[in-house]
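Engineer: Build the 3D model from these lines:
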Amino acid sequence: HPSSDPAAILSMSLPELTKQLREGSLCPEEVFYSYMQKTLAVHKNLNCCTEILLESFDQLKRVDSNKEGLLYGIPVSIKENVSYKNYDCTCGVIVNLNQPAKKDSVIVEVLKKQGAIPFVKTNLPQALLK
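Structural biologist: A predicted model of the protein is given here:
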């Protein structure tokens, strides 16, 4: 979105961001791609992301159907210890690899119902308990 100002979007508070999304001053795509760009830049230096949730691109296309949600169009990261359907929930332990979650955790379900867009999983200290 060449017309958007990622720095301005990233500097907004959550209430301001949700207000502008609801009013239509900002579109969810502008916000999503601003956060994705910043996340990838930070990841390059800190190695903080474990996966990009590819479903987030599909969810972005459908997000307008949930404009009444409290978090309409807000991108969110999900920690590695939170279950997200079809993705591993390793808790930083190698023995939990290749065991994708069968369903979303309650927190992910609530976030999605409120219009948030989980877009990346982020790492955590090794051996964090579920």
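Engineer: ok, residue 76 to residue 94 distance?
Structural biologist: For residue 76, the distance to residue 94 (Cβ to Cβ, to the nearest Å) stands at 26 Å. For every residue, glycine as well, the C-beta is placed using N, CA and C.
Engineer: So these two - more neighbours on which side?
Structural biologist: residue 76 (17 against 8; other Cβ atoms under 10 Å).
Engineer: mind checking the SS state of the residue of the chain most remote from its centre?
Structural biologist: In terms of distance from the mean C-alpha position of the chain, residue 95 ranks first, at 25.3 Å (Cα atoms, centre = their mean). Recorded secondary structure, residue 95: helix (DSSP: H, G, I helix; E, B strand; the rest coil).
Engineer: All the strands of the chain, residue numbers only.
Structural biologist: With DSSP state E, the ranges of strands along the chain come out as 49-52, 75-79, 117-122.
Engineer: worst average pLDDT in the ones you listed?
Structural biologist: Of all the strands of the chain, mean pLDDT reaches its minimum on strand 49-52 (a mean of 92).
Engineer: Enumerate the positions of that strand that are buried.
Structural biologist: Residues of strand 49-52 classed as buried under the neighbour-count rule (16 or more other Cβ atoms under 10 Å) are 49-50.
Engineer: Output the contacting helices and strands for that strand.
Structural biologist: Judged by 3 or more Cβ pairs under 8 Å, 6 or more residues apart in numbering; DSSP states H and E, the packing partners of strand 49-52 are helix 28-46, strand 117-122.
Engineer: picking up where we left off before, what distance do you get for the residue farthest from the centre of the chain to residue 81?
Structural biologist: 14 Å.
Engineer: got it, and residue 107?
Structural biologist: Distance, residue 107 to residue 81, by Cβ to Cβ: 11 Å.
Engineer: Comparing these two, which shows the higher neighbour count?
Structural biologist: Taking residue 107 and residue 81 together and counting by other Cβ under 10 Å, residue 81 has the greater number of neighbours (19 against 15).
Engineer: mind checking pLDDT for the spatially closest residue to residue 115 that is not a sequence neighbour?
Structural biologist: Nearest in space to residue 115, with sequence neighbours left out and distances taken as Cβ to Cβ, 6 or more residues apart in numbering, is residue 69 at 2.8 Å. Among the per-residue scores, residue 69 shows a pLDDT of 92.
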